[in-house]
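> Return atomic coordinates for the entry below.
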Amino acid sequence: MDNISNAILALSLIIIMFGMGLSLKIKDFVQVFRRPKAILIGLLCQLIILPIVGFILIRVFTLSPEIAIGIIIISACPGGPTSNLITHLANGDTALSVSLTAISSIITLVSIPFIINLGLQEVLGEGTNIQLDIAQTVLQVFIIVILPVGLGMLLNDKKPNFALKMEKPVKKASGIFFVVVLLFIIIKERTLLVTHIQEAGLVTITLNILTMSIGYFLGYVFNLPLKQRISISIEGGIQNGTLGISIATILLNNTAYAISPAVYGTLMFLTAGIFIYWSNKQVAKQAQIT
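Sure, this is the predicted structure:
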């Protein structure tokens, strides 16, 4: 997406993150860190399992070097604010999702260059030393995620009745925003999709579905509550396609490397929409049982 589209998306996410904060309290984050099992499993999915799956897929599928490197790039990227929005709409543990985004965004300042350099050596037989702009990355996470969520939580603490009244309208607005973004991306990137869907579509959707499934499965195996399993599934399988495109075009200076992140960033909204529908059904079913 171009700079104007990215700016509109960022502003919209800031507003939605503020709305998410209206439904959160400090105790929600305290509970997450008091029982860090969910955070550790989430980080395992994001930082270790996801790249491993990416490297396996570029060996299993017959891919051009550009598509293969694009898969490695997206496998190295954290979830970002979009995963927080999807978790919120899916009735997952939002506090866990925001915590994972904040922590993984810091860790990936080191892990992204390492994973991508390893991928370049694997695919091209040569390495390069890419470096992320640490200040810019930290500032982006702070402005788009941490600050608006914190302000929403502050308003929830000071004006709980107002926050309660706003919670449902904001969630509905978030759902509308999600659908609008999905339609916008499909329309805007239709040429890219038609041109590259055959080459990059199957491997990117496989990466997306596999990592989401593994995240949910591990949450089930380690006996995590349903809402935390939902969060880990999304955080492990919904990656920051915009960051992947930026790394490909700016840091690696090769637009062909951006094809996989761009296709992934479009298709993940389709699987996310299906997962949101399914997870809401599961949460509602559990609520009836309890």
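
> which element is the residue of the chain most remote from its centre on?
Distance from the C-alpha centroid of the chain, by C-alpha atoms, centre = their mean, peaks at N161 (31.0 Å). Using DSSP states H and E, N161 sits in helix 160-188.

> List the contacts of the closest residue to L210 other than its chain neighbours.
Spatial nearest neighbour of L210, excluding adjacent residues (C-beta to C-beta, 6 or more residues apart in numbering): V53 at 5.6 Å. Where C-beta positions appear, they are placed from N, C-alpha and C, glycine not excepted. The contact partners of V53, by C-beta atoms under 8 Å, 6 or more residues apart in numbering, come to 75, 207, 210-211, 214.

> pLDDT score assigned to V53?
V53 carries a pLDDT value of 95.

> low-scoring stretches of the stretch 151-290 of the chain, by residue?
Within the stretch 151-290 of the chain, the stretches with pLDDT under 70 are 167, 171, 174-175, 177-186, 188-195, 250, 290.

> change it to 90
Counting by pLDDT under 90, the ranges of the stretch 151-290 of the chain that qualify are 151-202, 235-270, 273, 285-290.

> which stretches of it form strands?
Read by DSSP state E, counting those that start in this stretch, the stretch 151-290 of the chain holds no strands at all.

> before we move on, back to that, can you tell me how far the residue nearest to L210 is from G219?
Going from V53 to G219 by C-beta to C-beta, to the nearest Å gives 17 Å.

> cool, Q46 as well?
Distance from Q46 to G219, by C-beta to C-beta: 13 Å.

> How far does stretch 213-227 sit from its chain's centre?
Relative to its chain's centre, stretch 213-227 lies at 17 Å (C-alpha atoms, centre = their mean, to the nearest Å).

> Which positions in that stretch come out as buried?
214-216, 218-219, 224, 226-227 (16 or more other C-beta atoms under 10 Å).

> How about stretch 238-257?
238-248, 251-252, 256-257.

> next one: stretch 94-108
94-105, 108.

> Kindly reformat the residues you listed as JSON lines containing distance to Y277, pLDDT and secondary structure.
Converted to JSON lines, the buried residues of stretch 94-108 look like this (distance: C-beta to C-beta, whole Å; pLDDT from 0 to 100; DSSP: H, G, I helix; E, B strand; the rest coil):
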{"residue": "T94", "distance to Y277": "18", "pLDDT": "86", "secondary structure": "helix"}
{"residue": "A95", "distance to Y277": "23", "pLDDT": "85", "secondary structure": "helix"}
{"residue": "L96", "distance to Y277": "21", "pLDDT": "88", "secondary structure": "helix"}
{"residue": "S97", "distance to Y277": "18", "pLDDT": "87", "secondary structure": "helix"}
{"residue": "V98", "distance to Y277": "23", "pLDDT": "82", "secondary structure": "helix"}
{"residue": "S99", "distance to Y277": "25", "pLDDT": "83", "secondary structure": "helix"}
{"residue": "L100", "distance to Y277": "23", "pLDDT": "86", "secondary structure": "helix"}
{"residue": "T101", "distance to Y277": "23", "pLDDT": "79", "secondary structure": "helix"}
{"residue": "A102", "distance to Y277": "28", "pLDDT": "77", "secondary structure": "helix"}
{"residue": "I103", "distance to Y277": "28", "pLDDT": "80", "secondary structure": "helix"}
{"residue": "S104", "distance to Y277": "26", "pLDDT": "79", "secondary structure": "helix"}
{"residue": "S105", "distance to Y277": "28", "pLDDT": "72", "secondary structure": "helix"}
{"residue": "T108", "distance to Y277": "30", "pLDDT": "75", "secondary structure": "helix"}
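
> Number of residues surrounding the nearest residue to L89 once chain neighbours are set aside?
If the residues on either side of it in the chain are set aside, L89 comes closest to I276, at 5.0 Å by C-beta to C-beta, 6+ apart. Counted by other C-beta atoms under 10 Å, the residues lying close to I276 total 21.

> go on, E66?
18.

> Look up which helix or strand it falls in, please.
helix 65-76.

> Would you tell me what the next helix or strand after that helix is?
helix 81-89.

> For that following helix, name the packing helices and strands.
Other helices and strands packing on helix 81-89, by 3 or more C-beta pairs under 8 Å, 6 or more residues apart in numbering; DSSP states H and E, are helix 3-21, helix 94-124, helix 160-188, helix 226-237, helix 259-289.

> Comparing the ones you listed, which comes out most buried?
helix 226-237 (a mean of 28; mean count of other C-beta atoms under 10 Å).
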